[in-house]
Structures are given as structure tokens and as C-alpha cells.
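**Student:** Below: sequence and its predicted model.
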Amino acid sequence: MNSKTSMEPQTFKSLLDVLKTKTEQVKLGGGSKRIEKEHAKGKLTARERINYLIDKDSEFLEVGAFAADGMYEEEGGCPSAGVITGIGYVKGRMVMIVANDATVKAGAWFPMTAKKNLRAQEIAMENRIPVIYLVDSAGVFLPMQNEIFPDKEHFGRQFRNNAKMSSMGIVQVAAIMGSCVAGGAYLPIMSDEALIVDKTGSIFLAGSYLVKAAIGETVDNETLGGATTHCEISGVTDNKYENDQECLDAIRNIFDKIGASDKAGFDRIEAKEPRISGDELLKAFPLQRVKPYDMLEVLSGLVDGGEIEEYKKDYGKTLICGIARIDGWAVGIVANQRKIVKTAKGEMQMGGVIYSDSADKAARFIMNCNQRKIPLVFLQDVSGFMVGSKAEHGGIIKDGAKMVNAMANSVVPKFTIVLGNSYGAGNYAMCGKAYDPRLIFSWPTAQMAVMSGASAAKTLLQIKVASLKKKGKEITEEDEKQLLDEITNKYNEELSPYYSAARLWVDGVIDPRETRKVISMGIEAANHAPISERFNPGVIQT
């Protein structure tokens, strides 16, 4: 390994310590007191339910752990958006699990809760994997109902997805393990099977207080919509269970007898360990954003045996394209090369920038992967496309459009990992969230924005100063410095990977050593959905 590309392990360690601390805080949900209250009712918490439900010693890939991080502070916060979602294994079958966290505002739905639930359903629908809903929610958080109720991507969209998944043959099983109120009552009942826990589970369109106010009837919640009512009188739910554990055991029994799904047929062989260890992988990736490094060295810590068959290795060198294996799965890799490279004409190209030749190469490589039915993995550390008169005269817009077109029209599943920079149109071309990656995760070193912090701050400062001068205000050098500091601090906060994760621009922030697991489980999930469309290259042919 080239020591010049190494960094101090302690520096990366501090970032991973932050990740670990934030993860531990998130896993406490509403806090220890709220957890104790749930236990006092004889209930498990959402995370305890998931741990009990999934197969012992199996992997669980959490999606959206940092959703709503730092948001809704005036309302007391909403860790993980009040719902736990992720891909796990039940009786050996891969499933999407959605579990309301009653320790957070009694499981009430905030705007980000809706967005996170819809993301979980989207993953299930794209990959044709079953969904298990563990329902325990007080319904919509009324003070913010205008941000969650009527729009296309709001609360009601989940019921539309329930219906769509049924028509697609995707199994949905729901367990009512706490409150299930108002519109939320439709979610479990639109599932294939609805189970309920006696005494703690309840389901109704309106609770006893609202019934009293609306029609004057006096009735308690258990009589109105408890397990006995719905299993013996209304027939709304299918079976009732004594406690959470018994209900979860029943779900496991259901999945023990489900037939096998069709497969997409992605190629997999026995996995090999990467050429370098996880700790060496951390050393191969520098924290200094302007410091060049060899992406091939990083790849040697991610792909099986460190082996990659490069496509057009001597052409378009600021993008690495090649076929490799990750945990045994065949993958097509598109990765930004961050070292300065020399072209055949003797010209030097900046690392992390996409040039015309790189974009052209990537477009053709993506076509090849679609032809061969090989999933695509994008590794982002991109500053954007090359600018300037030479690039424009060389047709950078045309070549960039070819790459975006090929990537957008790809029918094989795509997976994106943001390692470092993810700026401007580079985010788009390298399969950012807008381009439907099956999963997209960030390393703690990631930054996502229209441009770098330094460039943006200077641009915003010029706009601010011009605006103030137009109003007749005199701006001193000291004033400019103070404004620049304020703008830089705000912009840097927005560059944080946790800022992106809070808004579900990415599915989470991971330790780089978990990258192989994320991609492998993602491809395994995608393998449940046979590819029915043909790749149409559209306008990218030349």
C-alpha cells in the first residue's frame, strides 16, 4: 500500500466513534423511562420485537436509522422517525420489517415517519420481498397533520402501496401489538393476515373519546376494538395471542410454510475475503478531500480477493469501470478515481472529476452490465463534471447526458455508496437517490451538496454582500469575515452525512467495513425480483 495515501487511524476512529455513539442513542428510542413503561405493560419494544422475530445469529440491515435526526426538536425530537425498518431473515426468508416505536411519542406519525415507511415499502416492492408490519402507533401527529395527510407522498400513500403489493403477490403480514388508530387501521387489515395481541393490541377508526364526542356513545377501548372484539365479533383480525412473544412466534410459523419466490438469477459463487483487511481499508481512504488517492486500493478492501477486471482501463481514467465479485456476487463497479491521471495525449486530469472520455466509457460499460444481467455498484467520490471552454467544445454535456441516460434506463439493480464528495451533477451521474438505487448508504466521510463548502460559502457571501450594499449598508472586511463564518458553518452542517440520512437522501451512515454486507444483502434482496424489462439505451448511442 502507498503510505502517501494513508491517514492516521485515530482520525478515522474519531468519526467511527461518533457513528457508534449516535447509533447507540438512536437505539434508545424515546429513552429508558419510556422503555420501562412499555415493559410494565407487558410489551416488548420495537427493537426487542425485531430481535425476537428474526433468525438467531442472522444479519439485520437497518434502513433509515438516522431518519429525522436533529429534526422536530421543538416537539421533543423523533429518533429514527419513530419507526424501525430494515431487511432481515425470518425462517431463512428475507423480509422487510416495519416496527412502530411506541417509546417515541406513542409511535405517532411525523412527516419523516411517513417518508420512512414509504421507503421501506418501496424497497419491498422493487425487490419483491415480503413485509412484516409490527403495528403500535397512536396515529398521525396532529400538530403537523398538514405535512403528512393529503399529498401524494404522505400518509395515505402507504395504503395504496398495500393494495399494489397485494396485486403483485408480495406477502404482507401484520401484527397489532399496541394502538392502531384511525387511518392507520387500514394498514394491517389490508395485509394478507392480521394478528393481534390480547389486552395490549387495539384497532379502531375512532377511539372511545372521539366516539363519545362524535355520537355520544360511552364505550371503553377494549370493547370498542380489542382483540376479543375483532377476533370473535367483527372478524376484522384473524387470531389473538396472549403476549408479544406468542404473536411473533405465530409470524415465524407463517413464514416457515411460504413457497419459494422466483429469482432474477444473478451470478454468485463462494465468496473470498478482500485482498486487504477492513482496518487497512480505512487507511487507504484519506480524510483530506483535496488529497489524491488510488481508488483501486480502496476497491481491494471491498471486492473478493481484491480482483477487478477493468473495462477500458487505459481510457477515461477518472472513472474506474470493471467486473468484480462482492461476497461472491458478480457486480459491475463504477467508481470515481481520485488520483491525478495522465491521458495518452500527455494531458493531466484531476481526480474525482468526470471528463468526456470517462462519461463515454461509463455509458458503454453500463450497457454491457445490462446485457449480461450484472448488478451495478456505484462508489461516489465525485466533484462533478469537467468545466471550461475545452470541456464544452469537447461535448462534455453530450457525453455526460449519455452516461446519465444509460444509468437512468438501467434495468439491473443499482447500489450506491457515497465514500467522500457527492457534488452537483456528479451525484446524478453516479446514481444518487433521484435515480432509484435499490440501496444508498454513506460512509461517515461523505458530503453531499451542489458544490463544496468552500466554493458555496464564497458564492453565497458574494450574493449576501451585494444584497446588503444594494440596501445602502457599508460592509467592512470584519463584517465580511463574520458573514463568511456564519455561512460556512451553516453550509458545513448541511454537508454532514447525518443531515442527508435524517432526510432519507441516503438510507443510512455505515462503518466502511460494513460496505460488503450492505451490497451483498442488497443484491440478495434484488435477486427475488426477476427482470421483466429490456434495457433500452435510448439516445445514448452514437
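**Tutor:** Great, that's in hand.
**Student:** can we go C-alpha only for contacts and neighbour counts from here?
**Tutor:** OK.
**Student:** Can you pull out the low-pLDDT segments for the stretch 101-250 of the chain?
**Tutor:** Nowhere does the stretch 101-250 of the chain drop to pLDDT under 70.
**Student:** the strands in it, which residues?
**Tutor:** 131-137, 172-181, 193-197, 202-204, 239-241 (DSSP state E, counting those that start in this stretch).
**Student:** Which strands border the second one, and is each parallel or antiparallel?
**Tutor:** The one in question is strand 172-181. Sheet pairing of strand 172-181 (DSSP bridges) gives strand 131-137 (parallel), strand 193-197 (parallel), strand 202-204 (parallel).
**Student:** And the pLDDT at the closest residue to Ala271 other than its chain neighbours?
**Tutor:** Excluding the flanking residues, the one nearest Ala271 by C-alpha to C-alpha, 6 or more residues apart in numbering is Gly328, at 4.0 Å. With respect to pLDDT, Gly328 scores 98.
**Student:** related to what we said a few turns ago, can you check which of the strands paired with strand 172-181 gets nearest to Arg289?
**Tutor:** Nearest to Arg289 among the strands paired with strand 172-181 is strand 131-137; the distance by C-alpha to C-alpha comes to 40.2 Å.
**Student:** then the closest one to PDB, C-alphas only?
**Tutor:** What follows is strand 131-137 as a C-alpha-only set of coordinates in PDB (Å, rounded to 0.1, in the frame of the first residue of the first chain):
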ATOM      1  CA  VAL A 131     -43.300  -7.300   4.500                       C
ATOM      2  CA  ILE A 132     -44.000  -7.700   8.200                       C
ATOM      3  CA  TYR A 133     -45.700  -4.800  10.000                       C
ATOM      4  CA  LEU A 134     -45.400  -4.700  13.800                       C
ATOM      5  CA  VAL A 135     -48.000  -2.100  14.500                       C
ATOM      6  CA  ASP A 136     -48.000   0.100  17.600                       C
ATOM      7  CA  SER A 137     -49.000   3.600  16.800                       C
END
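**Student:** what residues does that strand touch?
**Tutor:** Contact with strand 131-137 is made by 46, 95-102, 106-109, 121, 124, 170-181, 184, 188, 201, as judged by C-alpha atoms under 8 Å, 6 or more residues apart in numbering.
**Student:** before we move on, what about stretch 172-188?
**Tutor:** With C-alpha under 8 Å, 6+ apart as the test, stretch 172-188 has contacts from 130-139, 156, 158-159, 162, 166, 189, 191-197, 200-207, 244, 247-248, 251.
**Student:** 6 Å instead, please
**Tutor:** Under the criterion C-alpha atoms under 6 Å, 6 or more residues apart in numbering, residues 130-139, 159, 191-197, 200-206 lie in contact with stretch 172-188.
**Student:** Just the buried ones out of those residues, please.
**Tutor:** When these are checked for burial by 16 or more other C-alpha atoms under 10 Å, the buried set is 130-139, 159, 191, 193-197, 200-204, 206.
**Student:** Please tell me how far the closest residue to Val382 other than its chain neighbours sits from Glu478.
**Tutor:** Spatial nearest neighbour of Val382, chain neighbours left out: Gly352 (4.6 Å); criterion: C-alpha to C-alpha, 6+ apart. From Gly352 over to Glu478 the distance is 35 Å, taken as C-alpha to C-alpha, to the nearest Å.
**Student:** same deal with Gln349?
**Tutor:** Taken as C-alpha to C-alpha, the span from Gln349 to Glu478 is 38 Å.
**Student:** likewise Ser500?
**Tutor:** Here Ser500 is placed at a distance of 32 Å from Glu478 (C-alpha to C-alpha).
**Student:** more crowded one of these two?
**Tutor:** The residue with more neighbours, out of Ser500 and Glu478, is Ser500; 25 against 9, by other C-alpha atoms under 10 Å.
**Student:** what about the more buried one, which SS state?
**Tutor:** Here Ser500 is recorded as helix under DSSP: H, G, I helix; E, B strand; the rest coil.
**Student:** Next one, pLDDT for the residue lying closest to it once chain neighbours are set aside please.
**Tutor:** Spatial nearest neighbour of Ser500, chain neighbours left out: Val506 (6.1 Å); criterion: C-alpha to C-alpha, 6+ apart. pLDDT for Val506: 98.
**Student:** Val506: neighbour count?
**Tutor:** For Val506, using other C-alpha under 10 Å, the count is 27.
**Student:** Shouldn't it be within a helix?
**Tutor:** No: going by three-state DSSP, the assignment for Val506 is coil, not a helix.
**Student:** Can you pull the phi and psi angles for it?
**Tutor:** Reported as degrees, to the nearest 10, the phi and psi values for Val506 are phi -130, psi 160.
**Student:** Next: Lys390.
**Tutor:** Per-residue torsions, Lys390: phi -60, psi -40 (degrees, to the nearest 10).
**Student:** do Ile320 as well
**Tutor:** Taking degrees, to the nearest 10, you get phi -90, psi 120 for the backbone angles of Ile320.
**Student:** which residues does it contact?
**Tutor:** 334-335.
**Student:** ok, what's across the strand from it?
**Tutor:** Beta bridges link Ile320 to Ala335, judged by DSSP bridges.
**Student:** one step back: thinking the residue nearest to Ser500 is in contact with Leu439, fair?
**Tutor:** No: between Val506 and Leu439 there is no contact under C-alpha atoms under 6 Å: 8.0 Å.
**Student:** where does this structure have its least confident helix or strand?
**Tutor:** One helix or strand of the chain scores below all others by mean pLDDT, DSSP states H and E: helix 453-470, with a mean of 76.
**Student:** who does the helix or strand just after that one touch, helix- and strand-wise?
**Tutor:** As assigned by DSSP states H and E, the chain's next helix or strand after helix 453-470 is helix 477-495. Using 3 or more C-alpha pairs under 6 Å, 6 or more residues apart in numbering; DSSP states H and E as the contact test, no helix or strand touches helix 477-495.
**Student:** could you redo the last one with a cut-off of 10 Å?
**Tutor:** Using 3 or more C-alpha pairs under 10 Å, 6 or more residues apart in numbering; DSSP states H and E, the elements in contact with helix 477-495 are strand 447-449, helix 453-470, helix 497-502.
**Student:** Just tell me which of those ends up closest to Met386.
**Tutor:** Evaluated over these, closeness to Met386 peaks at helix 453-470, with 15.4 Å, by C-alpha to C-alpha.
**Student:** Could you check the pLDDT of Tyr491?
**Tutor:** On pLDDT, Tyr491 comes in at 77.
**Student:** actually His528, sorry about that
**Tutor:** You'll see His528 listed with a pLDDT of 97.
**Student:** Next up, the contacts around the closest residue to it other than its chain neighbours.
**Tutor:** Nearest residue to His528 in three dimensions, chain neighbours excluded: Lys263, at 4.8 Å (C-alpha to C-alpha, 6+ apart). Residues counted as contacts of Lys263 (C-alpha atoms under 10 Å, 6 or more residues apart in numbering) are 128, 524-531.
**Student:** hang on, Lys263 in a helix?
**Tutor:** No: under three-state DSSP, Lys263 sits outside any helix and is assigned coil.
**Student:** where does it land on pLDDT?
**Tutor:** Confidence at Lys263, expressed as pLDDT, is 96.
**Student:** before we move on, what about the one 4 residues further on?
**Tutor:** Looking at Asp267, its pLDDT reads 98.
**Student:** If I follow the layout properly, it ends up in contact with Gly332?
**Tutor:** No: counting by C-alpha atoms under 10 Å, Gly332 is not a contact partner of Asp267; they are 11.7 Å apart.
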